[in-house]
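# Sequence and computational prediction follow.
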Amino acid sequence: MSVERWRRGLPGLWAGGLIAFAAVATPAAFALLTQADAGRVVARILAQEAHASLALGALLVGLERVSARRFADEGGPQFTPGLVLALMTVFCTVLGYFALQPLMAAARAGQGSFSFGQLHAVSALLYAVKLCAVLALTWRAARPGA
């Protein structure tokens, strides 16, 4: 399978996973389990999603770099919108999960300057931004001649 096929196909698969988590797994957990148990289940899924997103984001950054180099050989810029979107997914994952999770754990324990609700809102916003960036990558990859 060529690099270009991976660059064009991977965002769609990733977007599907992110949407499935947000629209199916999280509501199902909270509908079927107690709030505490559902929170633990969703936290576990989020941990796996964050690690997968970090790997997928890094892979997409690499694939976009290869594509941008080819485009630069034809006189185009090396810093393309696809590369910016891929970097945005990595940034949102690192900030939204790896930076905020320790703060959220501290907030649950009554420590820190921010409440758990505030940190959760920021984390959810970063997840939404990441999803929008992945959807934009998917849309760009699906365009004819992309």
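Yep, that arrived.
# middle-most residue in this structure, spatially?
residue 130 (4.3 Å; CA atoms, centre = their mean).
# Show me what the helix or strand residue 68 falls within is packed up against.
Taking DSSP states H and E as the definition, residue 68 sits inside helix 35-73. With contacts taken as 3 or more CB pairs under 8 Å, 6 or more residues apart in numbering; DSSP states H and E, helix 35-73 sits against helix 3-20, helix 26-32, helix 81-93. (Each C-beta comes from the backbone N, C-alpha and C, glycine too.)
# what's the closest of these to residue 68?
Taking CB to CB, helix 81-93 is the member of the helices and strands packed on helix 35-73 nearest to residue 68, at 5.6 Å.
# thinking again about what came up before, worst average pLDDT in the helices and strands packed on helix 35-73?
Of all the helices and strands packed on helix 35-73, the minimum mean pLDDT falls on helix 3-20 (a mean of 90).
# between that helix and helix 35-73, how big is the angle?
160 degrees (axes from the mean of the first three to the mean of the last three CA atoms, to 10 degrees).
# And the contacts of helix 3-20?
49, 52-53, 56, 59-60, 63-64, 66-67, 82, 127, 130-131, 134-135, 137-138, 141-142, 146 (CB atoms under 8 Å, 6 or more residues apart in numbering).
# Quick check: buried residues in that helix?
7, 8, 10, 11, 12, 14, 15, 17, 18 (16 or more other CB atoms under 10 Å).
# and the gap between the fifth one and residue 96?
It stands for residue 12. Distance from residue 12 to residue 96, counting by CB to CB, to the nearest Å: 21 Å.
# Can I have the buried ones of the contacts of helix 3-20 as a ChimeraX selection?
To isolate the buried members of those in ChimeraX, using 16+ other CB under 10 Å:
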select :49,53,56,60,63,64,67,82,127,130,131,134,135,137,138,141
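# check contacts around the spatially closest residue to residue 92 that is not a sequence neighbour.
Nearest residue to residue 92, sequence neighbours excluded (CB to CB, 6 or more residues apart in numbering): residue 130, at 3.8 Å. Applying CB under 8 Å, 6+ apart, we find residue 130 in contact with 18, 53, 88, 89, 92, 93, 96.
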